[in-house]
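Visitor: just need the structure, nothing else, for what follows:
(chains A and B)
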Amino acid sequence: MKYLLIVITLILIVAVIGSAQIRNSKHDLSFGSTTTGPKTTTSTYTEVCVFCHTPHSTQSTSLLWNRTASTASYAVYSSPTMEQTVPQPGAVSKNCLSCHDGTITLASVVNNPGSSGGIAPVFTAPGKIDTTVFTGIGTNLTNDHPIGFVYNTSRSTDADLRTETVAGIKVTVNATSPTRSLTLYGTTAASATLECGTCHDPHGVTGVPTFLRVSNSNSELCFTCHVK
Amino acid sequence: MKIKLLKILLIVSVSLITFGQVFSQTSIVSSKHNLSTTGTGTIKATSETQVCVFCHTPHSKQVTSQLWNHQPTTATYTLYSSDYLTSKSYPASTQPGTKSKLCLACHDGTIAIGAVYNTTGSSSAGTITMASGITTLPSGQSTNVGTSLVNDHPVGFAYDATKDPELVSRTWPWNSAIKLDPDASNGKVECTSCHEPHHNTNGKFLQISNTNAALCTFCHNKTNWAASIHKTSTQSYTPSGSTTTTVGEWSCRNCHRSHNGQGVPYLLNLVEENTCYQSSCHGSTTPGINTKDIQTQANKTYKHPTNTVSGKHKNPDNSTSLNVPNRHAECYDCHNSHQAKDGLHTLKSNAVSNVLTGVWGVTPGTATIWTQPTTFTIINPVTKENQICFKCHSYNAFGFALNGVTTIVGPSGVNITDQAMEFNTANKSAHPVVVSTNNQTGSTAPKALTTTQMSTTWNSVGTQTMYCGDCHGNDQATSATVPQGPHGSNAKFILTGTAKYWPLNASGNLWSLNDLRNNLNNWSTNLFCVNCHPIYSGGSFKNNTHSRNQHQGVAVKCVACHVTVPHGAKRSRLIGYRTDVYPYNYNGAGQFEKLVISGFRKASSPNNYIKSDCTFTSGCHGTQSGTYEP
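Guide: Residues are numbered from 1 along each chain as shown, chains lettered A, B, ... in the order given. Sure thing, here's the model as predicted:
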């Protein structure tokens, strides 16, 4: 009984908190990946992290980013009920868009494995994300949830948004429910923006589809911010 | 100890999964718009747990706003329109705007409720399966507005208080939950102006509470509505499907429905007069408390055709809609339900009464003696009751009529006549409906009757005026629930009063002075004229002509000397000449069952008449000499 309780409890805690599972997910573009999505056809290209990260980046963005940045200008979301003007996506979102806007090839890794820049991975043509499917966000963000905007500014005119909490340099929404809280990007309420990473964990969460940070069953991810 | 801690952790973990969030009663989660498995309504999914997905997706491929996820309707809608809006040159409704069409994607009933672009996790279009085999919104649901929007509050139209003065003048955006789309002066009213689909705090997903019709009156400012009995009444009322309230609180909703009413246009609960007759109001089936049962009156033998004619009323009516074959009399033709107040008219006055407040009518222009006035001025609102009646009972409605007599036969079997002609102030005599007898310009001295010729009620001779309704109205005695007014009567010509027979007595024979002299045919309680004119009392006639024995023969009828339609006459004292036409001339078979006089002149007093005041081509006094009225 004692052990059964331990096992069940651990399983449930894991289910709630989740864990990173990028290996063999659609974000695993390495040759050995079992993903059903695109992956390199270069048999020697077996590193998983390299498609996004490098320990020594030449890119100006954070997160040890290893991809060529998109230079696209995005059509941003607007709505009659959203009073602030949505700016261009923030840096952290542009990291995601360096694949997902469909303008940059998946192979556009800056620092490939091996010495002297290594050899770029090969992908089946066209080698870019298909912008006709949902994951291919494209450069038109008018029909995508807004990103890059200061959450606090929206909340000041929208009573249906949950209050964010500032703890140290971390700004979260729904801090009272840690397993379901979401993180904004910035260190103060006045600057913290909502980015792709607020909802998505590109490394994956076990049992949660579409790289969401928390399960959206019962729309609970939506309701984390939207108190409808 | 360890086990206890683990148990607590277990409980906490399960709680986090199962009851991730506690939702208030007003959240979308506890509303009918939660179509997921946790929904509280009857329409919900078999397995989909996401709430938002039926309408929204974070990443759409569609060119719509609000991250819309539901598949769009392609319906073309039949739009609301009304004579009133047209008459105001109000900008017509267009097809519903983008926002409204989002709502209509479910609520027009053409698209499956679960038809979305982006289903959970699958990144592909699909249809979420709904329980009980439901696909589209069932047609029986009141929330299914269909593709005919003629009985729904219009959407897709501009808000223009300059065109409709009964709209509250606002500069948009207004600081309110009620918004146009876009929320600017050029915006339009859409579903979202009244409804907030995420919150049901106010019921029916309304943006603001509609208690006291506050939502309706945010935009609609009906003239004099605040003082109307339909707004001020504290009478208890239990609307269908709602809790008991008062008539005043229920306000606009007493008569109007924003969606799916039966009366088109104007969003009426029921068709035309049936709206007024609905339960607990003015109907006969379940009349209200202290409200007048009009339906019973309008079902009587002699009546205005309120219940029998439908689809003819225009707002406002015009010469076409008032004329054959469109002649009609809806409640709204004589009553303005937005302005009507409690209270009947003052006797001896023709000033409009409270129940007739806010109605429009016409006043005839000048015309020479005994001719049809052909010009009319619209009076809105009316100041006198007769202005309402003249709308239909004159050239204004039926145009030219030879000798003032139309070919339209009323319920009493007699041709309808031109009453604006009959009450023309240029006539030598008329009942004081339009002006007092002293102001009857065509009349010659002595204009008024004497006080002895009038009942004590009507003793302001010469200066008093009267209502058409003083003669025409309910045959029953009025009470808190029995109305006055000419809705209908079981007496011919919709006659009211204690005595209701004219020109025939209860046996169907013409009245004569013989009936009075010899107390026949219950004349004192049946002869219509004696309601106001004590022709014979205390054993004597109040007029020396009536006193003449020769005039009291059984064969000599009232209609031998007086016009049968006693509204007014070309000659003094409602005298008619033998050349007059039917129905002014009764034209009966007997020698004195038709007008017989050829010339008449008014005497200086009621008891001063002499033989030569009347002349004849033959019979009676024979041909006399002197000047007679033409």
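Visitor: can you map out the strands along chain A?
Guide: In chain A, the strands defined using DSSP state E lie at A:164-167, A:170-173, A:182-184.
Visitor: now swap in the stretch 501-630 of chain B and tell me
Guide: Assigned by DSSP state E, counting those that start in this stretch, the stretch 501-630 of chain B shows strands spanning B:536-537, B:540-541, B:568-569, B:599-600, B:614-615.
Visitor: who are the packing partners of the third one?
Guide: The criterion is 3 or more C-beta pairs under 8 Å, 6 or more residues apart in numbering or on different chains; DSSP states H and E, and the helices and strands that strand B:568-569 contacts are helix B:419-422, strand B:429-430. All C-beta atoms are positioned from the backbone trio N, CA, C, and that covers glycine.
Visitor: re the thing from before, format the strands of the stretch 501-630 of chain B as a markdown table; extra columns: mean neighbour count and mean pLDDT.
Guide: Shown next, in a markdown table, are the strands of the stretch 501-630 of chain B (neighbours: other C-beta atoms under 10 Å in any protein chain shown; pLDDT from 0 to 100):
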| stretch | mean neighbour count | mean pLDDT |
| --- | --- | --- |
| strand B:536-537 | 18 | 94 |
| strand B:540-541 | 16 | 95 |
| strand B:568-569 | 26 | 98 |
| strand B:599-600 | 22 | 98 |
| strand B:614-615 | 20 | 97 |
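Visitor: want to throw these into JSON lines with distance to residue B:239?
Guide: Supplementary listing: those in JSON lines, determined by distance: least, C-beta to C-beta, whole Å:
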{"stretch": "strand B:536-537", "distance to residue B:239": "54"}
{"stretch": "strand B:540-541", "distance to residue B:239": "59"}
{"stretch": "strand B:568-569", "distance to residue B:239": "47"}
{"stretch": "strand B:599-600", "distance to residue B:239": "61"}
{"stretch": "strand B:614-615", "distance to residue B:239": "65"}
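Visitor: can you say which of those is nearest to residue A:92?
Guide: Across these, residue A:92 has its closest neighbour in strand B:568-569 (91.9 Å, C-beta to C-beta).
Visitor: give me the contact list for that closest one.
Guide: The contact list for strand B:568-569 (C-beta atoms under 8 Å, 6 or more residues apart in numbering or on different chains) reads B:370, B:421-424, B:427-431, B:563, B:574-576, B:584.
Visitor: kindly report the same for stretch B:402-422.
Guide: Contacts of stretch B:402-422 (C-beta under 8 Å, 6+ apart): B:301-303, B:324, B:327, B:364, B:367, B:370-373, B:376, B:389-390, B:393-396, B:398, B:401, B:430, B:492-493, B:565, B:567-569, B:581-584.
Visitor: surely residue B:140 forms part of a strand?
Guide: No: secondary structure of residue B:140 (DSSP: H, G, I helix; E, B strand; the rest coil): coil, not part of a strand.
Visitor: mind listing the strands for the stretch 51-200 of chain B?
Guide: Counting by DSSP E, counting those that start in this stretch, the strands of the stretch 51-200 of chain B are B:115-116, B:126-127, B:157-158, B:188-189.
Visitor: same check on the stretch 351-500 of chain B?
Guide: Using DSSP E, counting those that start in this stretch, strands in the stretch 351-500 of chain B cover B:361-364, B:376-379, B:405-409, B:415-417, B:429-430, B:488-489.
Visitor: what's the most buried one of those strands?
Guide: Mean neighbour count, computed with mean count of other C-beta atoms under 10 Å in any protein chain shown, is highest for strand B:488-489 among these, reaching a mean of 26.
Visitor: mind listing the strands that strand pairs with, and their directions?
Guide: Next to strand B:488-489 in the sheet, as set by DSSP bridges, lie strand B:302-303 (antiparallel).
Visitor: low-scoring pLDDT stretches of chain A, where are they?
Guide: Filtered on pLDDT under 70, chain A yields the residue ranges A:1-20.
Visitor: what ranges do the helices span in it?
Guide: Assigned by DSSP state H, chain A shows helices spanning A:2-17, A:91-100, A:151-155, A:196-199, A:220-225.
Visitor: can you list contacts of the third one?
Guide: If I follow you right, that is helix A:151-155. Helix A:151-155 has contacts (C-beta under 8 Å, 6+ apart) with A:82-84, A:161-164, A:171, A:173, A:184, A:189-190, A:192-194, A:225.
Visitor: report the two of the residues you listed separated the most.
Guide: Using C-beta to C-beta, the two most remote members of these are A:83 and A:171, lying 20.4 Å apart.
Visitor: among those two, which residue is more densely surrounded?
Guide: Taking neighbours as other C-beta atoms under 10 Å in any protein chain shown, residue A:83 and residue A:171 compare with residue A:171 leading, 24 against 11.
Visitor: quick check, that one in contact with residue A:193.
Guide: No: with contacts counted by C-beta atoms under 8 Å, residue A:171 stays clear of residue A:193, the gap being 9.3 Å.
Visitor: need the overlap of contacts for those two.
Guide: Jointly contacting residue A:171 and residue A:193 under the rule C-beta under 8 Å, 6+ apart are A:151, A:184, A:186.
Visitor: neighbours around the first one, how many?
Guide: Spelled out, it's residue A:151. The burial count for residue A:151: 24, using other C-beta under 10 Å.
Visitor: now the last one
Guide: Other residues near residue A:186 number 21, with proximity taken as other C-beta under 10 Å.
Visitor: ok, it touching residue A:193?
Guide: Yes: the criterion here is C-beta under 8 Å, and residue A:186 meets it with residue A:193 at 5.7 Å.
Visitor: show me whatever sits in contact with both of the two.
Guide: Each of residue A:150 lies in contact with both residue A:186 and residue A:193 under the rule C-beta under 8 Å, 6+ apart.
Visitor: closest to residue B:557 out of the helices and strands packed on strand B:568-569?
Guide: The nearest among those, by C-beta to C-beta, is strand B:429-430 at 19.3 Å.
Visitor: show me what the closest one is packed up against.
Guide: Partner elements for strand B:429-430 (3+ C-beta pairs under 8 Å, 6+ apart): strand B:568-569.
Visitor: could you list the paired strands of the strand it packs on along with their orientation?
Guide: Strand B:568-569 has its sheet partners listed here by DSSP bridges as strand B:429-430 (antiparallel).
Visitor: tell me the mean pLDDT for the strand it pairs with?
Guide: For strand B:429-430, the per-residue pLDDT values average out at 98.
Visitor: in contact with residue B:353, which residues?
Guide: By C-beta under 8 Å, 6+ apart, the residues touching residue B:353 are B:343-346, B:385, B:467.
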